[in-house]
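K.L.:
what would the 3D arrangement of this be:
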Amino acid sequence: MKCEITDRDQRIDDFLLAKLSSEDADAFEIHLFGCPECFEELRLRERMVKLIKEERVTAVEEYARQRSPQKPVGLIKSIADFLRLQQNIWIYAGATVVLLIGFLMTKILLKRDASEVAANFAESPYLESIMQQTFQSSDLSVSVISPAIAENFDGQIQFRWEATKDGEPFTGSLDLKIMNNQGTPVYTANVEGGAYVLTQPLPPGLYYWTLEEQGQMLYLGKFFFQKPTQ
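P.N.:
Okay, here's the model as predicted:
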């Protein structure tokens, strides 16, 4: 049978808020047992009321009375209006939380970055142990002019050296390799003429570099690259 109640929402709201007279409330209860539509709607409203009570339902009812003291306001409309009223509060609270998290993450990242940068300047025991050795093949030797050992840079780096082969000046090509303080290659180039300028910026840290011929190390040195000054 089709439900004959035309103001179902208002009737259910009045029933839940105890606004119906005892006779109307009894009649509506009898109607509920024979009307699946009203009964299901009532169950939905009861669940919503339970949730709202957990979120201070008294504040919702107070807002509803202030909103329209002369005209009844449906429970659902009161809840919706109240939640809309609170929306900005939650937005501000959310923004505050986001900013706070961002601030804390920034401090953590800065601290971590500082720790990582400090680690980048630590010497490599292995490379340090062999850096002062003299490297040469049977017929090729290298004398480095720059960079000096442990020289500091904050811009382009000029590599200069003199090579001799069988006692004569050598102007052929060599392999220049730059490694970080973990020994991992970060830059390589085939160079000749006794000079090479590196314009590529490097992350701050300690770097080792070599000159090699056909995979044989002829020289091992080191330099520091600092953050460029603004």
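K.L.:
low-confidence bits of the protein, can you list those?
P.N.:
Across the chain, the ranges flagged by pLDDT under 70 are 1, 52-117, 132-138, 228-230.
K.L.:
the same query, at a cut-off of 80, please.
P.N.:
Along the chain, the parts satisfying pLDDT under 80 run over 1-2, 33, 45-46, 48-118, 132-138, 227-230.
K.L.:
strands of that one, residue ranges please.
P.N.:
For the chain, the strands defined by DSSP state E occupy 140-146, 151-153, 157-165, 168-169, 173-180, 185-192, 195-198, 205-213, 216-225.
K.L.:
okay, the first one in CSV with CA atoms only?
P.N.:
Taking C-alpha atoms only, strand 140-146 is exported to CSV below (Å, rounded to 0.1, in the frame of the first residue of the first chain):
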residue,chain,number,x,y,z
LEU,A,140,104.4,8.1,-18.8
SER,A,141,104.5,10.3,-15.7
VAL,A,142,102.3,13.2,-14.6
SER,A,143,103.0,16.3,-12.5
VAL,A,144,99.8,18.1,-11.3
ILE,A,145,99.7,21.9,-11.1
SER,A,146,96.1,22.4,-9.9
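K.L.:
contacts for it, please.
P.N.:
Strand 140-146 is contacted by residues 135-136, 158-165, 170, 174, 211, 213, 218-219, 221 when judged by CB atoms under 8 Å, 6 or more residues apart in numbering. All C-beta spots, glycine's among them, are computed from the backbone N, C-alpha and C.
K.L.:
emit the ChimeraX select command for whichever of those residues are buried.
P.N.:
In ChimeraX syntax, the buried subset of the contacts of strand 140-146 is picked out as below (16 or more other CB atoms under 10 Å):
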select :135,159,161,163,170,174,211,213,218,219,221
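K.L.:
before I go, just wanted to say thanks for your time.
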